[in-house]
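K.L.:
The following comprises the amino acid sequence and a computationally predicted model.
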Amino acid sequence: MALRVTFVAAARSSPLLAERFDDDRPLDQAGWDEVQHIAPGLLPLAAADLRYCSPTPRSRATGDALGYAPLVQLALRDCDMGRWRGLTLGEAMAREPQAVDAWLADPRGTPHGGESLLTFISRVGGWLDTRPLEDGCRVVAVAEPSVIRAALVYALKAPPSTYWNIDVRPLSAITVAGLGGRWNLCLDGIPAQASRS
């Protein structure tokens, strides 16, 4: 029997251009409003056998607001960005342009003193591969967009550079199905979301 893991991206805590590395800020008002607007389409996922979330305040708040009562999973934490934690990409680029370029080009690189992209993808993939099938076959996980990108790269066995080409919008949902190490992307089962401005 295949396991179905649906990832739901946490609602936002800032405008896209103000997003910060390893951000631990709570939902802003716009994030709360988005959760209320989109909740009817995501509420059916509360029937999942297992419900998890990233440890960030906005992931926990999103999961709670959707009625999931999720269990925090440390393996679903954002990438450890070392000394860039709390900075936007633009701020890190202004301070250390060569280091940022090196980090973007090398998935094994850790110029920030934190976790490499490859290590991050492997950590999230390890979590995905160790979900217990005997506890149920439907799982929902509210996570940061970066975590969902890492999970998709891992599940599809895509090159690490693919990570930069995946756009995960707040409150979007995507499902992967399979078992440890053998995953398929599923684009069905989630109602179309109303467009948001």
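P.N.:
Thanks, I have it.
K.L.:
Tell me where the model's unsure across the chain.
P.N.:
14-18, 134-136, 188-197 (pLDDT under 70).
K.L.:
Recalculate using a threshold of 90.
P.N.:
1-2, 12-34, 38-41, 43, 86, 88-89, 131-137, 179-181, 187-197 (pLDDT under 90).
K.L.:
and the nearest residue to residue 158 once chain neighbours are set aside, what does it touch?
P.N.:
Nearest non-adjacent residue to residue 158, counting by Cβ to Cβ, 6 or more residues apart in numbering: residue 152, 7.6 Å away. Bear in mind the C-beta positions are built from the backbone N, C-alpha and C, glycine included. Shown in contact with residue 152 (Cβ atoms under 8 Å, 6 or more residues apart in numbering): 158, 166, 174, 176, 185.
K.L.:
Skipping its backbone neighbours, what lies nearest the second one in space?
P.N.:
Counting by Cβ to Cβ, 6+ apart, the nearest residue to residue 166 once its immediate chain neighbours are dropped is residue 149, at 4.5 Å.
K.L.:
from memory that neighbour sits against residue 165, does it?
P.N.:
No. Using Cβ atoms under 8 Å, residue 149 is not in contact with residue 165, being 9.0 Å away.
K.L.:
any idea how far residue 123 is from residue 92?
P.N.:
Note on residue 92: its distance to residue 123, by Cβ to Cβ, to the nearest Å, is 21 Å.
K.L.:
now stretch 111-129: how far from the chain's centre is it?
P.N.:
Averaging C-alpha positions (Cα atoms, centre = their mean, to the nearest Å) puts stretch 111-129 12 Å from its chain's average.
K.L.:
quick one: the helices in this structure?
P.N.:
Secondary structure of the chain by DSSP state H: the helices cover 29-42, 57-65, 89-95, 97-105, 117-129, 145-155.
K.L.:
Could you look over those helices and pick the most buried one?
P.N.:
helix 145-155 (a mean of 25; mean count of other Cβ atoms under 10 Å).
K.L.:
so what's residue 7 closest to, chain neighbours aside?
P.N.:
residue 148 (4.6 Å).
K.L.:
give the contact list for the one you found.
P.N.:
7, 9, 166, 168, 174.
K.L.:
my read: the first one touches residue 145, true?
P.N.:
No. At 9.5 Å, residue 7 does not count as touching residue 145 under the criterion of Cβ under 8 Å.
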